[in-house]
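Asker: Requesting a structural model of the entry that follows:
(one chain, ligands or ions: 1)
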Amino acid sequence: MKARFLKTAVVALLAASLSAGAAAQEVTLRLVSAFGENGIYVKRLLPWIEKVNAEGKGVLQINFLGGPKAIPTFELGNAVKTGVVEIGMSTGAFYTNVMPEADFLKLTQITIAEQRKNGAFDAINQLWNEKGNMQYLARMVENQAFHLYTNKKIDKPDLTGLKIRITPVYRDFFQALNASVITTPPGELYTALERGVVDGYGWPIGGIFDFNWQEKTKYRVDPGFYDAEVSLIMNLPAYKKLTDAQRAYLNKQLLALEAENTFWVQYAKDETARQEKAGIQTIKFDAAATKAYSDKAYEVGWASAAKQNPEVAKRFKALFTK
Ligand code: 173
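Answerer: I've put the predicted structure just below:
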């Protein structure tokens with residue numbers, strides 16, 4: 001009787017540990033976005049998460065916790081680094097406090113598909129692993145140039161007397177054009193425009209309607225410069241802890257996400273037309289000033305990168321430039 005009871009107990013224990021083993025094969029990763037939930041980046045992220053979860057039952061699930069209300073925009077990078085959350089959707093400019101090199105990603109002139117082929121993606125990951133305790137998972141925005149939006153008319157690339165909202169993306173370039181600059185997360189820009197705290201701002205070609213900034217925007221300066229980078233980053237220990245099957249599944253889905261990046265070319269065209277319809281006028285300089293403006297953006301961008309980390313700037317420039 002006693003022996004039989006023990007045997008039953010052992011079998012029950014074994015079954016329990018087996019099912020715990022099976023459950024351990026499904027991992028749930030928490031994800032927070034540095035961009036607000038109403039914006040285009042989260043709008044495109046959510047269907048992907050749904051697909052990951054639908055196809056990843058028993059393997060891998062992603063739990064979207066929200067945007068900057070969950071973790072403030074400029075704190076998310078550190079939260080990923082320290083494992084407060086496993087995955088972040090962010091841009092390098094938002095986590096220069098973790099590593100200044102993060103902002104260099106705006107200087108890529110080749111697609112993420114090409115970056116994976118020419119060694120740029122691996123070079124990024126080597127640095128992100130070492131300095132950021134992060135895995136750089138995938139880039140989900142490309143072909144979105146940044147622009148200067150302003151409420152004061154300018155006829156040459158000189159921003160003397162203008163107060164411009166920035167992030168690290170634009171700091172050195174706009175300062176080189178004599179602007180005075182104020183850093184804010186996207187979520188605080190509407191109020192800054194409304195109160196006249198700023199005369200303009202930097203932002204990519206797409207997305208201003210998500211925040212209603214068109215109500216407070218008179219001009220967009222063309223051409224754009226750099227390429228908006230929005231990516232998924234992951235806590236490195238959490239990434240390493242994944243089983244081979246989980247990592248393979250995640251990577252398959254990340255490549256599928258990047259394959260959707262063709263979306264952005266048409267989105268840029270649509271958003272340009274929508275801005276025009278909304279009454280936003282385009283400021284264009286003459287040919288010589290236009291070239292000077294574009295050249296200066298990259299000159300200043302790389303010079304600033306070289307100042308922060310000469311060795312990495314040199315290596316990345318060779319890998320990022322056409
Ligand atoms: O302007 C910003 O907030 C910014 O730096 C950025 C970066 C990538 C995409 C969109 C905005």
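
Asker: Break this protein down into its domains, please.
Answerer: 27-143+228-265, 146-227+279-320 (automatic domain parsing).

Asker: Distance check, the residue lying closest to Ser180 once chain neighbours are set aside against the ligand.
Answerer: What sits nearest to Ser180 in space, not counting adjacent residues and going by Cβ to Cβ, 6 or more residues apart in numbering, is Lys163, at 5.2 Å. The C-beta positions use only the backbone N, C-alpha and C, and glycine is treated the same way. Using Cβ to the nearest ligand atom, to the nearest Å, we find Lys163 at a distance of 15 Å from the ligand.

Asker: Quick check, Lys163 in contact with Arg195.
Answerer: No: contact criterion Cβ atoms under 8 Å: Lys163 and Arg195 do not qualify, at 11.4 Å.

Asker: what would the domains of the chain look like in a markdown table with mean pLDDT and mean neighbour count?
Answerer: Converted to a markdown table, these look like this (pLDDT from 0 to 100; neighbours: other Cβ atoms under 10 Å):
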| stretch | mean pLDDT | mean neighbour count |
| --- | --- | --- |
| domain 27-143+228-265 | 98 | 19 |
| domain 146-227+279-320 | 98 | 18 |
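
Asker: Put together TSV for those, with distance to Glu271 on each row.
Answerer: Formatted as TSV, the domains of the chain follow (distance: least, Cβ to Cβ, whole Å):
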stretch	distance to Glu271
domain 27-143+228-265	9
domain 146-227+279-320	4
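
Asker: How about Glu37: what's its closest non-neighbour residue?
Answerer: In this structure, Glu37 finds its nearest non-sequential neighbour in Gly67, 4.5 Å apart by Cβ to Cβ, 6+ apart.

Asker: And Leu232, by the same measure?
Answerer: Nearest one to Leu232, counting by Cβ to Cβ, 6+ apart, is Leu137 at 4.1 Å.

Asker: Then Phe225?
Answerer: Closest residue in space to Phe225, ignoring its immediate chain neighbours: Ala297 at 3.7 Å, by Cβ to Cβ, 6+ apart.

Asker: do the same with Thr321
Answerer: Thr321 sits nearest to Gln109 (Cβ to Cβ, 6+ apart), 5.4 Å away.

Asker: gap between the two ends of stretch 185-204?
Answerer: Across its full length, stretch 185-204 reaches 14 Å end to end, with Cα to Cα, to the nearest Å as the criterion.
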